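Asks: need a structure here:
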Amino acid sequence: MPLEDLIGEIRRQGEADLAKIADERGSKADAISADRSRRLDAVRTESSRLSEAEISQMRAQELAAAKLKARKMVYEAREARLTKAVADTRTLLVDYTQSEEYPQVLKRMFAEATNALGKQVRVTGREEDAAALQKVAGRAFDPRPQPILGGLIAETPDGSRRLNLSFDELLRLNEDRVRELLA
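Replies: Next comes the predicted model:
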């Protein structure tokens, strides 16, 4: 075989190998490109899924915060209404001290105080009620005025026991029940 034929054969063999390598390179490039596209699609899908989950979680948190705020506002409004109602009750009690029944209430309070503390008690109340308390309690009346809405405060002579039947104290002790009634 002549040298030229041998060179031609080597050249054909080289070109065939080169074409084979080019085909393999093209196939590998296409496989790499397809794998890259598949991975990008997977990343986009996962990113979209995570974004949707995060958005849903944020919406749920915002909705929960809005509901909590609404409940707080309702509670504050109800509390303000009840506080005003208790203040109005105080005003009604002050007005009640001007009624004709009030001296009878003082009389019943004095009877309750003597039943609870004994016959020997000192009774005090508002300055405005001094005449009515003097009439009800007689010598047991202590003229020192108390800063109360109405009612009376009874105490044993030695000061060891005390019964506070003032409207202030009765309202304070029964405020929960009053709030329930007003709610």
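Asks: please, which helix or strand holds A154?
Replies: Taking DSSP states H and E as the criterion, A154 maps to strand 151-155.
Asks: quick one: average pLDDT of that strand?
Replies: Strand 151-155 shows a mean pLDDT of 92.
Asks: now do the helices in the protein.
Replies: Listed in chain order, the helices found in the chain under DSSP state H are 3-96, 102-117, 130-137, 167-173, 175-182.
Asks: nearest to R161, of those?
Replies: Closest of those to R161 is helix 102-117, at 5.6 Å (criterion: Cβ to Cβ). C-betas here are computed from N, CA, C, even on glycine.
Asks: what's the offset of the closest one from the middle of its chain?
Replies: 42 Å (Cα atoms, centre = their mean, to the nearest Å).
Asks: and for P157, the neighbour number?
Replies: 11 (other Cβ atoms under 10 Å).
Asks: can you give me phi and psi for the residue lying closest to it once chain neighbours are set aside?
Replies: Excluding its sequence neighbours, the residue lying closest to P157 (Cβ to Cβ, 6 or more residues apart in numbering) is Q120, at 5.5 Å. Main-chain dihedrals, Q120, degrees, to the nearest 10: phi -90, psi 100.
Asks: show me what counts as buried in the strand holding A154.
Replies: Along strand 151-155, these residues count as buried under the neighbour rule (16 or more other Cβ atoms under 10 Å): 151-155.
Asks: now do stretch 12-28
Replies: For stretch 12-28, the neighbour count (16+ other Cβ under 10 Å) marks no residue as buried.
Asks: mind checking how far E62 is from K69?
Replies: E62 sits 10 Å away from K69, going by Cβ to Cβ, to the nearest Å.
Asks: returning to what we had before: redo the helices of the chain as a markdown table? Include mean pLDDT and distance to S160.
Replies: Output for the helices of the chain, formatted as a markdown table (pLDDT from 0 to 100; distance: least, Cβ to Cβ, whole Å):
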| stretch | mean pLDDT | distance to S160 |
| --- | --- | --- |
| helix 3-96 | 88 | 29 |
| helix 102-117 | 92 | 10 |
| helix 130-137 | 90 | 19 |
| helix 167-173 | 89 | 19 |
| helix 175-182 | 79 | 28 |
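Asks: nearest to P147, out of these?
Replies: helix 167-173 (8.7 Å).
Asks: got the domain ranges for the chain?
Replies: 1-78, 97-182 (automatic domain parsing).
Asks: take these and lay them out in JSON lines including distance to T91.
Replies: Below are the domains of the chain laid out as JSON lines (distance: least, Cβ to Cβ, whole Å):
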{"stretch": "domain 1-78", "distance to T91": "20"}
{"stretch": "domain 97-182", "distance to T91": "9"}
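Asks: returning to that earlier point: wait, what's in contact with the residue nearest to P157?
Replies: Q120 makes contact with 140, 156-157 under the criterion Cβ atoms under 8 Å, 6 or more residues apart in numbering.
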